[in-house]
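Quick check, what structure comes out for this input:
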Amino acid sequence: MSNPNSRRLLKTAAASLAGAVLAMSFSMAPASAAPIVDGDQLGSITVHKFERPTTPTGLPNNGTAVDTAGLTPLAGIEFTIQQVNSIDLATNAGWDAAHNLSSVFAPADPAGSITGAGFSLGAGQAGTTDAAGTAAFTALPVGLYLVTETNYPAGVTPAAPFLVSVPLTDPDNKDNWIYDVHVYPKNSIAAAEKTVFDEPDVKLGDEIDWTITGDIPNEAVIDGYRVADKLDSKLTYVRATATLVDGTVITEGTDYTVNFDAATNTVTVTFTPAGRLVLAAHNDTRVQVVVTTTVNTIGEIENEGLVYPNEGSYTGTGSPIVTPPVATKWGEMTLLKVNENGAALAGASFSVYTNEADAKAGTNAISINGETVFTVAADGTLTVSGLRYSDWANGAAVAPGDPEFRTYYLVETTAPAGYELLAEPISFLINAATTTVGVDLEVKNIPSNGGFELPLTGGVGTGVLYAAGVLLVAGAGLLFVRSRRTTES
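Predicted coordinates:
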């Protein structure tokens with residue numbers, strides 16, 4: 001049976017235990033308070049921009065900083081963040097509103113989907129990635145933010161706009177919040193180049209192929225893809241075709257369309273939605289567009305291609321890839337026909353050949369504007385115009401001895417009156433110098449028979465011979481008469 005003193009001791013002990021538990025509860029308050037969002041705390045969003053790898057990295061995307069060793073950072077990418085107004089993430093209602101917004105959020109039209117859901121966007125804050133591919137947005141109030149890639153270099157396919165909340169639940173400590181959030185949107189990088197194939201071509205009107213080759217973005221969804229070629233005015237468009245380098249069959253009208261704008265001399269190949277599905281399924285290969293033209297005027301003709309690897313690159317938010325220019329070069333040569341004294345001669349005609357064998361055989365003469373024979377003018381000059389440079393083929397300089405180096409040959413088909421035809425072909429070149437210099441080649445004709453008079457043609461020497469012949473005949477007659485008289489006597 002207890003006594004009053006023992007009862008008082010128990011009450012005191014109980015009170016002490018209760019106080020200890022209460023004190024422990026208060027001492028643990030920071031830990032138990034951590035799951036509550038602190039609406040007054042400022043946070044940050046750090047964007048880390050890298051080139052999209054060919055294979056998935058397997059790294060988490062949960063707002064924490066991760067190891068990016070082996071990834072290629074992208075500098076110069078501009079991002080803009082905007083807070084979604086009226087969403088208070090310090091309240092459960094705010095998180096519920098954010099969730100409801102996520103269900104209608106459209107990356108293709110982020111602002112429209114946000115305003116359509118009854119919210120507005122705050123002023124934008126822009127930042128550009130540094131050499132490490134990082135852009136940090138600091139001192140951000142708790143809230144939901146729209147992150148948009150607003151400027152990017154040519155060839156970059158931007159990441160779709162996305163929403164980020166500040167804070168996020170800490171994935172490594174579930175009863176904690178991360179106020180400094182890290183995000184890692186990746187970019188596909190596309191490159192392109194252009195080549196020209198004109199080595200077999202020698203004269204105006206021959207067809208030249210320009211090939212534009214572009215990467216396909218490493219994306220599961222390709223929202224746009226087109227290739228354009230704004231042709232120099234010296235080029236006349238013939239046709240264009242598109243293929244995939246890996247041999248996948250694509251069809252004009254189904255997978256892509258071809259449009260030629262005569263006013264701007266521009267041909268554009270645009271992939272249809274069906275074609276873009278093919279590209280997305282084969283994004284490890286490349287697109288090739290071959291534009292066939294003819295040359296209509298001599299000159300050194302540079303041409304570049306444009307590849308638009310995403311919709312933004314041709315709607316104005318981005319830029320196309322501009323290929324380095326390639327050139328085809330066409331010129332002329334002027335000859336002067338002269339006699340043995342250097343005086344100009346008219347009346348000669350020539351044909352032109354691409355090799356000495358044809359020149360000697362008189363076969364396969366070059367036809368320029370439908371003509372294979374070219375006549376010297378009254379002043380003795382003849383300009384052979386519209387031939388490809390001898391020292392330039394397939395977009396690069398070539399030297400004598402290279403298979404692509406072109407030597408041309410002149411064969412005289414008609415000589416001036418009183419002069420002999422040339423005995424053999426004359427070789428010549430077409431280049432920048434022959435195209436700009438006045439007379440490049442003097443071609444001399446020798447008088448008939450080397451300048452010696454032929455007999456029986458009415459000259460002085462033939463008259464003497466004729467007179468001598470008459471005297472010889474007369475002498476023979478006298479001898480014949482004398483011989484008869486001697487016999488008769």
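
Beyond the lengthiest strand in the chain, next helix or strand please.
Using DSSP state E to define each element, the chain has its longest strand at strand 326-338. Next along the chain after strand 326-338, taking DSSP states H and E as the criterion, comes strand 349-353.

contacting residues around that next one?
Residues from elsewhere that reach strand 349-353 (CB atoms under 8 Å, 6 or more residues apart in numbering): 335, 359, 362, 364-366, 368, 372-376, 382, 384, 387, 408-414, 425. (Glycine included, C-beta is placed from N, CA and C.)

try 6 Å this time
359, 365-366, 372-375, 384, 408-414 (CB atoms under 6 Å, 6 or more residues apart in numbering).

what's the answer for stretch 428-448, then?
With CB under 6 Å, 6+ apart as the test, stretch 428-448 has contacts from 331-338, 345, 387, 389-391, 408, 416, 418-420.

ranking the contacts of strand 349-353 by neighbours, who comes first?
Within the contacts of strand 349-353, most neighbours by other CB atoms under 10 Å means V384, with 24 neighbours.

what residues are up against it?
Residues near V384 by CB under 6 Å, 6+ apart: M333, V352.

partners of it in the sheet?
M333 (DSSP bridges).

separation between the spatially most central residue of the chain and A190?
For the chain, the residue sitting closest to the mean C-alpha position, by CA atoms, centre = their mean, is T323 at 3.0 Å. In this view, T323 and A190 are 12 Å apart by CB to CB, to the nearest Å.

What's the local residue count around V249?
The tally of other residues near V249 (other CB under 10 Å) stands at 8.

Quick check: it is in a strand.
No: looking at V249 with DSSP: H, G, I helix; E, B strand; the rest coil, it is coil, so not inside a strand.

And it, its phi and psi?
Backbone torsions of V249, given as degrees, to the nearest 10, read phi -80, psi 130.

Now do the buried residues in stretch 110-130.
P110, S113, I114, F119, L121, Q125, G127, T129 (16 or more other CB atoms under 10 Å).

and the third one, how far is that from V258?
For I114, the distance to V258 (CB to CB) stands at 39 Å.

and if you look at Y308?
Taken as CB to CB, the span from Y308 to V258 is 15 Å.

Neighbour count: those two, which is higher?
Neighbour tally, Y308 and V258, criterion other CB under 10 Å: the higher count belongs to Y308, 25 against 17.

so that one makes contact with S319?
No: Y308 is beyond contact range of S319, at 8.9 Å (criterion: CB atoms under 6 Å).

end-to-end on stretch 114-124?
End-to-end distance for stretch 114-124: 15 Å, by CA to CA, to the nearest Å.

Stretch 432-442 now?
18 Å.

for it, the distance to its chain's centre please.
How far stretch 432-442 lies from its chain's middle: 34 Å, per CA atoms, centre = their mean, to the nearest Å.

Next: stretch 286-303.
12 Å.

Which residues does that stretch contact?
By CB under 6 Å, 6+ apart, stretch 286-303 touches 204-205, 207-215, 227, 229, 232, 234-243, 245, 267, 269, 325, 327-332, 385.

can you check stretch 366-383 too?
Contacts for stretch 366-383 (CB under 6 Å, 6+ apart): 203, 332, 334-337, 344-346, 348-352, 365, 386, 413.

Apply 7 Å and report the result again.
Residues from elsewhere that reach stretch 366-383 (CB atoms under 7 Å, 6 or more residues apart in numbering): 202-204, 332, 334-338, 344-354, 365, 384, 386, 413, 439.

Is the spatially closest residue to T315 that is not a sequence neighbour in a helix, a strand, or coil?
Leaving out its chain neighbours, the residue that sits closest to T315 by CB to CB, 6 or more residues apart in numbering is G224, at 7.7 Å. What three-state DSSP gives for G224 is coil.

Is G224 in contact with P309, as I believe?
No: using CB atoms under 7 Å, G224 is not in contact with P309; the gap is 8.1 Å.

So for those two, which residue has more residues nearby?
Ranked by neighbour count (other CB under 10 Å), G224 and P309 place P309 first, with 31 against 19.

so how far is S367 from the more buried one?
43 Å.

Quick one, which of the contacts of stretch 366-383 are buried?
Buried among the contacts of stretch 366-383 (16+ other CB under 10 Å): 202-204, 334-337, 345, 347-348, 350-354, 365, 384, 386, 413.
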